[in-house]
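Participant: After the sequence you'll find the predicted model.
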There are 2 protein chains.
Amino acid sequence: MTDLQSGSDGVAVPDFYHYAKAPLATVQHQGDFLELAWPDGQRLRCHRYWLRENAMGVGGIDPATREGLLDPGELTEAMVMASVELTDVGDLSILWQPDGQRCVYHGGWLRHIAEGQHLPQSWLPRPRPWRAETRTGPPQRVALPVLEDDDALCDVLNDLIETGVCVLEQAPTELGFLNRLAARIGPIRDSNFGALWDVRADVTLAGDATTNSTANTGFRLGPHTDLPTREVPPGYQFLHCLVNEADGGESTLTDGAALVEALRDNFPADFELLTTRRWIFFNRGPGIDHRWSAPIIDRDCGDGLLPTLRAFYPVRAFPDMPDSDVAAAYEALRRFHLLADDPQFELTFRLGPGDIMCFDNRRVLHGRKAFSGSGQRHLQGIYIDRDEILSRARALNRARAG
Amino acid sequence: MTDLQSGSDGVAVPDFYHYAKAPLATVQHQGDFLELAWPDGQRLRCHRYWLRENAMGVGGIDPATREGLLDPGELTEAMVMASVELTDVGDLSILWQPDGQRCVYHGGWLRHIAEGQHLPQSWLPRPRPWRAETRTGPPQRVALPVLEDDDALCDVLNDLIETGVCVLEQAPTELGFLNRLAARIGPIRDSNFGALWDVRADVTLAGDATTNSTANTGFRLGPHTDLPTREVPPGYQFLHCLVNEADGGESTLTDGAALVEALRDNFPADFELLTTRRWIFFNRGPGIDHRWSAPIIDRDCGDGLLPTLRAFYPVRAFPDMPDSDVAAAYEALRRFHLLADDPQFELTFRLGPGDIMCFDNRRVLHGRKAFSGSGQRHLQGIYIDRDEILSRARALNRARAG
């Protein structure tokens, strides 16, 4: 475990990471900015107000919380850098007026910003789209080490960010095991289906008025993503197979990132319709009325790397677009769903007891074949949002790098 | 309670609401579309694929879940409306080929779409910006009826959507009371601070290394919104005052919707910088590394009605914009925070034991004055996301309308 209290040489910094020494070579004072440079040529320009906000101590960063205390309304022209120098060990030292404080800024902490290590995409693998034809199955890892070993957990989270999928194997078939897994990652995203929810046929194909979702029938579920009725659908889904004795019910996974690329490259008119024409989505029940309007491929929802797919046809409702676009939008939708179910994109496999299928619910479409017969089939599921997966992955990848 | 199973005349519909009869006057078949008309001139154009998807029964809507079963990949040109007519009571009847099913569509259900009652903004009040100079305080309502009475709950939710604020009074000062309140609304949004979290000074002003947030100090907190480090910050916040015996610690509320209007109208250059130039936000701690990059006034995050404010300066980090914009962006930020703390926008009042301050965390800035001394101050808080507040409000407003 790294030292979370300070920079390597005891200089406190405005967050809880450890920073290796990175002595500055020069500092130049240029009006409102300092221009910092390291011996290898790396540079960083810092505005005086940013430096004032990030001074450790009174009027800057609270040493206990490492959070800023300076309301921007209190910034004044009078806050000036009266003198600026490098310390013997290459940290930055500023004498502030009018309060007369001398503040030291750790060179390694400044360097991590110069290198972009503070950016959201830093310390994370890049998404890599995949097709079924180039894989024998989803990445697989053993479940139990993830509960104990940070490296094992880090590998799983990196799979989930890079390929959008990981199957954990040999987990105990105990109810609620997913809560132990979630405790290793972060808060569960709750919904009207509950924080930990069950997937099983409440009755066989005939249906039952108490059933609240197609998930809880024996019907086929084509490739889809859950809860497009929300402003931001749940980020990641974890489906733990407890029993699977039914005939049929094989699982499918389709990488929406590859699907989106194929649509953009080969069917640009369809891609245009799928990314711009909106549909209403809804989930209704007693006391519940969730609604959202958005395109099937939603580029407004996300971090700019991948769009969010809203592809749960059971809750897609009226088109929210001009009548003149509806026929073409349906053709584009048909194309989308045909490709999603095409073997070049779709992996098909059988989940066994103790398997946990983990995937990016905003990127990867999941489905299942119809099932029936007397055999039981019981899965439990949880959602964990993207923010939480990325947060944990950054922390673990950074700790792993030392 | 309304009948959630069917239209008023026993014709099943693709959701769980009750629909009053609304007999159609005419139906015209025009290629792929039907043009429906009611006696008062209201019209609706429906594409045949949409009608096929919304047919109750096999190949359309499952009667148990009221969800669609037709994978769009299965839509074919062969699905045609062989005959179309109105029933004796003005419902729509379609004979589908090639499967030979005759399907009836409830006129009242079709009418609710024609009137736009299916749209996300329907059944909700519109946001109304307010200034402190035109109010004596936030809207106030008695807490306990909200636990029992749907009308009382509906009033609170409408306040929260319209003005962004409501103070519930005379609540019991019991730990965890907010869980009972949440059970009436919807799932809590969890975070690394816990589903139900405490606000109290862990120590007085000197600080303590175990403190994880400025909230848990005695420092002043200027007007702010919580968790801008998330892709979508928590929607609504509920702060329950259990004890408030400290000197100081008065609460403040500022309507960001009014602030944004004032900036746009009076300081357009600042508004432009605040809505387009991005900053990095972060929350770090052992095992946690949340980050996001976005403008202070984030118009990309939301439903198009109101922007999301990312205004928690304690976790605002390096500017994510060209160096040449930084000085002007800081001036705009200073303007924003000065206005947020100006009495023309900011209400100041003292929360007493049993008060629950409820507000839209993405719209309304909250703050508190510094406090100190020997007196205790203890609040508990929860977040509930906007999706859940709007869902419950739609359901209650619709039930109230009959």
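Facilitator: Great, that's in hand.
Participant: For the closest residue to A:Gln376 other than its chain neighbours, list the residues it contacts.
Facilitator: Take A:Gln376 and drop its neighbours on the chain: the residue closest to it by Cβ to Cβ, 6 or more residues apart in numbering or on different chains is A:Val243, 4.6 Å away. For the C-beta atoms, the positions are set from N, CA and C on the backbone; glycine is no exception. Going by Cβ atoms under 8 Å, 6 or more residues apart in numbering or on different chains, A:Val243 touches A:Thr173, A:Pro353, A:Gln376, A:Arg377, A:His378.
Participant: Serialize these to CSV and add fields for distance to A:Gln97.
Facilitator: Formatted as CSV, these follow (distance: Cβ to Cβ, whole Å):
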residue, distance to A:Gln97
A:Thr173, 67
A:Pro353, 69
A:Gln376, 75
A:Arg377, 72
A:His378, 69
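Participant: quick one: which of those is nearest to chain B?
Facilitator: Each of the contacts of A:Val243 was scored against chain B by Cβ to the nearest Cβ, and A:Arg377 proved nearest at 17.1 Å.
Participant: hang on, the earlier thing: pretty sure the residue nearest to A:Gln376 is in a strand, no?
Facilitator: Yes - under DSSP: H, G, I helix; E, B strand; the rest coil, A:Val243 falls within a strand.
Participant: For it, give its distance to A:Pro353.
Facilitator: Distance, A:Val243 to A:Pro353, by Cβ to Cβ, to the nearest Å: 6 Å.
Participant: Overlap of the contact sets of those two?
Facilitator: Each of A:Thr173 lies in contact with both A:Val243 and A:Pro353 under the rule Cβ under 8 Å, 6+ apart.
Participant: longest single helix anywhere in chain A?
Facilitator: helix A:323-340 (DSSP state H).
Participant: Report all helices and strands that that helix contacts.
Facilitator: If contacts are counted by 3 or more Cβ pairs under 8 Å, 6 or more residues apart in numbering or on different chains; DSSP states H and E, helix A:323-340 sits against strand A:221-224, helix A:256-266, helix A:268-276, strand A:316-320, strand B:43-47, helix B:48-53.
Participant: most packed of those?
Facilitator: Highest mean neighbour count of the helices and strands packed on helix A:323-340: strand A:221-224, a mean of 26 (counted as mean count of other Cβ atoms under 10 Å in any protein chain shown).
Participant: one step back: out of the contacts of A:Val243, which sit inside strands?
Facilitator: Applying DSSP state E to the contacts of A:Val243, the entries found in strands are A:Arg377, A:His378.
Participant: hmm, which of the contacts of A:Val243 are the buried ones?
Facilitator: Buried by 16 or more other Cβ atoms under 10 Å in any protein chain shown: A:Arg377, A:His378, out of the contacts of A:Val243.
Participant: touching chain B at all, the helix-or-strand element of chain A with minimal mean pLDDT?
Facilitator: Ranked by mean pLDDT, DSSP states H and E, the helix or strand of chain A with the weakest confidence is strand A:371-372, at a mean of 81. No - Strand A:371-372 stays clear of chain B (Cβ under 8 Å from any Cβ of the partner chain), getting no nearer than 14.7 Å.
Participant: Listing partners with orientation, what would you give for that strand?
Facilitator: strand A:247-248 (antiparallel) (DSSP bridges).
Participant: what sits up against the strand it pairs with?
Facilitator: A:Lys369, A:Ala370, A:Phe371, A:Ser372, A:Gly373, A:Gly375.
Participant: So which of the residues you listed wins on neighbours?
Facilitator: Counting neighbours by other Cβ atoms under 10 Å in any protein chain shown, A:Phe371 comes out on top of the contacts of strand A:247-248 with 21 neighbours.
Participant: So what pairs up with that one in the strands?
Facilitator: Under DSSP bridges, the beta-bridge partners of A:Phe371 are A:Gly248.
Participant: ok, now which ones touch it?
Facilitator: By Cβ under 8 Å, 6+ apart, the contact set of A:Phe371 is A:Ala201, A:Gly218, A:Ala246, A:Asp247, A:Gly248, A:Gly249, A:Arg377.
Participant: which helices and strands sit right next to the next helix or strand after the longest helix of chain A?
Facilitator: Remark: after helix A:323-340, the chain's next helix or strand is strand A:346-349, criterion DSSP states H and E. Where contact means 3+ Cβ pairs under 8 Å, 6+ apart, strand A:346-349 is packed against strand A:251-255.
Participant: other SSEs contacting the strand it packs on?
Facilitator: strand A:346-349, strand A:356-360, strand A:364-368.
Participant: The first one - which strands sit beside it in the sheet, and in what orientation?
Facilitator: Okay, so that is strand A:346-349. Sheet pairing of strand A:346-349 (DSSP bridges) gives strand A:251-255 (antiparallel).
Participant: Now for the closest residue to A:Leu273 other than its chain neighbours, how many residues are close by?
Facilitator: With Cβ to Cβ, 6+ apart as the criterion, A:Leu273 has its nearest non-adjacent residue at 4.1 Å, and that residue is A:Ala332. Neighbouring residues of A:Ala332 were enumerated by other Cβ under 10 Å; the total is 23.
Participant: What of A:Asn179?
Facilitator: Residues lying near A:Asn179 (other Cβ under 10 Å) number 13.
Participant: For it, list the residues it contacts.
Facilitator: A:Ile188, A:Leu196, A:Ile382.
Participant: which residues of chain A score low on pLDDT?
Facilitator: Residue ranges of chain A with pLDDT under 70: A:1-9, A:202-212, A:373-374.
Participant: which residues of it fall in helices?
Facilitator: Per DSSP H, chain A carries helices over the ranges A:48-53, A:107-114, A:145-148, A:150-162, A:177-185, A:256-266, A:268-276, A:323-340, A:386-400.
Participant: Need those helices in a markdown table (columns: distance to B:Arg363).
Facilitator: Output for these, formatted as a markdown table (distance: least, Cβ to Cβ, whole Å):
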| stretch | distance to B:Arg363 |
| --- | --- |
| helix A:48-53 | 25 |
| helix A:107-114 | 31 |
| helix A:145-148 | 39 |
| helix A:150-162 | 32 |
| helix A:177-185 | 30 |
| helix A:256-266 | 32 |
| helix A:268-276 | 28 |
| helix A:323-340 | 33 |
| helix A:386-400 | 20 |
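Participant: Look up how far B:Gly248 lies from A:Arg363.
Facilitator: According to Cβ to Cβ, A:Arg363 and B:Gly248 sit 48 Å apart.
Participant: Mind checking which of those two has more residues around it?
Facilitator: The neighbour comparison of A:Arg363 against B:Gly248 (other Cβ under 10 Å) goes to A:Arg363, with 30 against 15.
Participant: I'd say the more buried one and A:Pro127 touch.
Facilitator: Yes - using Cβ atoms under 8 Å, A:Arg363 is in contact with A:Pro127, at 7.4 Å.
Participant: Now list whatever residues contact both of those two.
Facilitator: With contacts taken as Cβ under 8 Å, 6+ apart, the residues that reach both A:Arg363 and A:Pro127 are A:Gly164, A:Ala257, A:Leu306.
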